[in-house]
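Student: quick one, what's the 3D model for this:
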Amino acid sequence: MKIRTIIVASYVALAVMGADTASAHDGEGQTVTKNFDAVIPNVPGKSLIAVEVDYAPGASSVPHTHAKSAFIYAYVIQGAIESKVNDGAARVYRAGESWSEPPGAIHSISRNASKTQSAKLLAVFVLDTDDKALTTPIK
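Tutor: Residues are numbered from 1 along each chain as shown. As a prediction, the model looks like this:
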């Protein structure tokens, strides 16, 4: 458990140092900011991208998939996020809790669990360097 906290803290520190402006709006009241983007030097063809997702009270993402090669680690920084991946049960994750998404996963629910408080999520992607679209809405 302690190593996970150290890894997340390292990613957050790197994310804050390399913060970009908002890069996408996937849903009403949601802002996605790319915080880190680098090729992994000792893993040819792979990159690490970190994004911060800010949810206004009651805001949600549209159902979506991520880049086909992407393994995702999601960590709730603030508030509470309800998430449902593939056939798993919908679950509310609170600040300090995390989950992962395998490559090719369908993310049918991703929303702020509160109608009165904002929520913030850090999503860390390990994916093929050639994959450019991190999120694709499900039609």
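Student: tell me, how many residues neighbour the closest residue to S69 other than its chain neighbours?
Tutor: Once flanking residues are discounted, S69 sits nearest to D128: 4.0 Å by Cβ to Cβ, 6 or more residues apart in numbering. In this view, the C-beta of every residue, glycine as well, is placed from N, C-alpha and C. Neighbourhood size, D128 [other Cβ atoms under 10 Å]: 14.
Student: you'd agree D128 is up against S47?
Tutor: Yes: assessed by Cβ atoms under 8 Å, D128 is found in contact with S47 at 7.5 Å.
Student: poorly predicted segments of this structure, please.
Tutor: Applying pLDDT under 70 to the chain flags residues 1-27.
Student: direction included, what does the strand or helix carrying E82 pair up with?
Tutor: Element membership for E82 (DSSP states H and E) is strand 80-85. Counting by DSSP bridges, the strands paired with strand 80-85 are strand 91-94 (antiparallel), strand 106-112 (antiparallel).
Student: before we move on, the earlier item: residue contacts, the residue nearest to S69?
Tutor: G45, K46, S47, A67, S69 (Cβ atoms under 8 Å, 6 or more residues apart in numbering).
Student: in a markdown table, list the residues you listed along with distance to K120.
Tutor: Shown next, in a markdown table, are the contacts of D128 (distance: Cβ to Cβ, whole Å):
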| residue | distance to K120 |
| --- | --- |
| G45 | 31 |
| K46 | 26 |
| S47 | 23 |
| A67 | 22 |
| S69 | 26 |
